[in-house]
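Asks: here are the coordinates; sequence isn't available:
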Ligand SMILES: Cc1cc2nc3c(=O)[nH]c(=O)nc-3n(C[C@H](O)[C@H](O)[C@H](O)COP(=O)(O)O)c2cc1C
């Protein structure tokens, strides 16, 4: 999750919630998500928040009849990390999960997930990028440069934590 989050439950409760968000049609990804959640719960100071998304049918209920609740935008705001699980559909994320992410525009605009509002040419939710132009003639912009540096810093900080 991005650096601009307004809420960080870790500081309030001493426990970091990690969101395990999945969609599953046949049950395999659901079982994997449950196991990931089990692993999270084994780490002291971490708690798993298991969430799913509704299918694409117009008859889908607003509340699931069984299993974990549907994910809300607040879950993304409140959790310190994310594990995302989807069945592969022709090489892509399954549509129900994609539909959920397509509805998170407000969080991107607010800078809750990542600060990407200033760049005009580069930067994606997945990491740094650069628009090189049709003739490979565009210089790396200030925003693109800042995003590369921020990504390197974040990588180093996580690696240092893992190395401890
Ligand atoms: C329409 C459709 C497209 C699929 N495309 C792929 C694919 O491109 N690559 C792949 O490895 N599996 C593909 N699969 C298999 C699914 O990934 C597999 O059914 C899924 O992992 C099962 O997870 P679940 O039990 O949680 O639903 C496809 C399945 C369906 C129904």
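Replies: Received, thanks. Predicted, not measured: the structure shown is a model, and the values here were computed from it.
Asks: Poorly predicted segments of this protein, please.
Replies: 1-13 (pLDDT under 70).
Asks: Other residues contacting the biggest helix by length in the chain?
Replies: For the chain, the helix with the greatest residue count under DSSP state H is helix 142-163. With contacts defined as CB atoms under 8 Å, 6 or more residues apart in numbering, helix 142-163 is touched by 3, 116, 118-123, 127-131, 140. No exception for glycine: its C-beta is placed from N, CA and C like everyone else's.
Asks: at 6 Å what do you get?
Replies: With CB atoms under 6 Å, 6 or more residues apart in numbering as the contact definition, helix 142-163 has outside contacts at 118-119, 122-123, 127-128, 130.
Asks: quick one: which of those is nearest residue 89?
Replies: Comparing the contacts of helix 142-163 against residue 89 with CB to CB places residue 127 closest, at 23.3 Å.
Asks: got a list of what the closest one touches?
Replies: residue 151 are the contacts of residue 127 under CB under 6 Å, 6+ apart.
Asks: one step back: check which residues of the longest helix of the chain are buried.
Replies: 143-144, 146-148, 150 (16 or more other CB atoms under 10 Å).
Asks: tell me which element the residue of the chain found nearest the ligand falls in.
Replies: Residue of the chain nearest the ligand, by CB to the nearest ligand atom: residue 26 (2.7 Å). Assigned by DSSP states H and E, residue 26 falls within no helix or strand.
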